[in-house]
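Student: how would this look folded up:
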Amino acid sequence: MRHKKIFFATLLTAFLISGNIFSQGFPGGDKGMNGMRNKDQIKEKLNLSDEQVGKVEALQLSHRKEMINLKADVELKEVELAELKSTINFSRDAYLNKVKEIVAAKDKIAIAQANHRMDIYQLLDDNQKKECNKMSTMMHDRKHQMMRKMRDKDFN
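Tutor: Numbering: from 1, shown residues only. As a prediction, this is how the structure comes out:
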């Protein structure tokens, strides 16, 4: 049972990493999933219809607006924490409450991102989901390879 949870968490993480298919820039010349350079290539790889692309783009715009507000909330709470820390004799409770507010605001961002990715995922048919999962797994594997290389480089 534990292995199933770990596998599912890994699969979900891979999918989340691959999220924001159309809006995020990527290092190395704005490459997307699987080395693809633009959304047209992703559209072709997933065989997305024009209607699906339109829906994804609308979701992206809505998500970007939501993220601006959520990130601003985190930043504001971090400034409030800095203000608190600049006072003399702030209490443990006040400090911990501010930290909890920041964590809760960051959790809202994580949940919004997961919901957005699932909104996009639900637009796909079964074949598109298979291809998306395959691309997500490949990205996940590449990320771990890069992390391993960086870790090994640090120890050498």
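Student: from residue 96, how far out is residue 81?
Tutor: Residue 81 is 11 Å from residue 96, where distance means Cβ to Cβ, to the nearest Å. No exception for glycine: its C-beta is placed from N, CA and C like everyone else's.
Student: between those two, tell me which one has more neighbours.
Tutor: A direct count of neighbours by other Cβ atoms under 10 Å for residue 81 and residue 96 places residue 81 higher, at 18 against 10.
Student: what helix or strand is that one located in?
Tutor: helix 50-86 (DSSP states H and E).
Student: how about the next helix or strand after that helix: buried residues?
Tutor: Per DSSP H and E, helix 50-86 leads on to helix 92-122 as the next helix or strand towards the C-terminus. Buried residues in helix 92-122, defined by neighbour count with 16 or more other Cβ atoms under 10 Å: 98, 101, 102, 105, 113, 116, 117, 120, 121.
Student: which one of those residues is nearest residue 91?
Tutor: Using Cβ to Cβ, residue 98 is the member of the buried residues of helix 92-122 that sits closest to residue 91, with 10.7 Å.
Student: who are the contact partners of the residue nearest to the closest one when sequence neighbours are not counted?
Tutor: In space, and not counting its chain neighbours, residue 98 is closest to residue 81: 4.4 Å by Cβ to Cβ, 6 or more residues apart in numbering. Counting by Cβ atoms under 8 Å, 6 or more residues apart in numbering, residue 81 touches 95, 98, 99, 102.
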